[in-house]
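Asker: Dropping a prediction and its sequence here:
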Amino acid sequence: MTRGEWLRSMIEEYRRKIGTYETMIREWESELGTQGSPAAVPLGDKAKQQELNTDDPVARVREYQFFGKSQPEAAKLFLEIIGHPLRTATIIEGIERGGLKVGGKTPKDKKTNLYTILHRGDDFGRAGKDAWGLRSWPGIKKESDSKEGNDNGETSEKA
């Protein structure tokens with residue numbers, strides 16, 4: 001591996017880490033009901049500024065982008081496009097916008113279905129409560145069955 005290749009791989013690795021950290025911060029700010037400041041972007045990077053102007057990852061999906069793909073393939077491609085962890089509902093919305101229907105009659109059924117598929121898939125790992133990332137990303141690990149959560153990644157209370 002040349003120095004240039006190594007540097008490119010390190011840059012990509014740290015960009016993925018930044019995306020993961022920014023997602024975690026947004027989740028925590030959402031829990032607290034606070035809004036954070038937008039991420040700093042170098043002034044010359046207009047493409048990155050435009051990309052950050054939309055907070056909606058689903059808006060980055062083209063119609064029929066996932067047509068003919070399986071649900072795990074579409075979810076993996078969507079996460080690769082976005083580059084940071086997403087909630088189950090956002091993944092469903094994104095892959096459906098891309099032309100793939102997620103099984104289930106109700107939103108809850110769809111969420112349970114996709115959650116199960118992601119949980120069983122080797123490419124995916126939990127990035128937080130009801131949030132998924134790719135195992136190739138830093139800090140994303142395959143989790144074994146959790147006693148804390150139900151099929152939707154939500155904690156359940158037991159009496």
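Answerer: Great, that's in hand. Numbering: from 1, shown residues only.
Asker: Please count neighbours and contacts with C-alpha atoms only from this point.
Answerer: Fine.
Asker: What helices and strands are in contact with the strand or helix carrying Pro72?
Answerer: Counting by DSSP states H and E, the element that carries Pro72 is helix 71-82. Applying 3 or more CA pairs under 8 Å, 6 or more residues apart in numbering; DSSP states H and E, we find helix 71-82 packed against helix 88-97, helix 107-120, strand 131-134.
Asker: now what about that helix, what contacts it?
Answerer: Residues from elsewhere that reach helix 71-82, judged by CA atoms under 8 Å, 6 or more residues apart in numbering: 57, 60-61, 66, 85-86, 91, 94-95, 100, 102, 114, 117-118, 121, 123-124, 133-134.
Asker: how far off helix 88-97 does that helix point, in degrees?
Answerer: 100 degrees (axes from the mean of the first three to the mean of the last three CA atoms, to 10 degrees).
Asker: Which residues in helix 71-82 does the neighbour count mark as buried?
Answerer: Within helix 71-82, the residues that count as buried by 16 or more other CA atoms under 10 Å are Gln71, Pro72, Ala74, Ala75, Lys76, Leu77, Phe78, Leu79.
Asker: so it versus helix 107-120, what angle?
Answerer: 80 degrees.
Asker: and helix 71-82, average pLDDT?
Answerer: Across helix 71-82, pLDDT averages out at 93.
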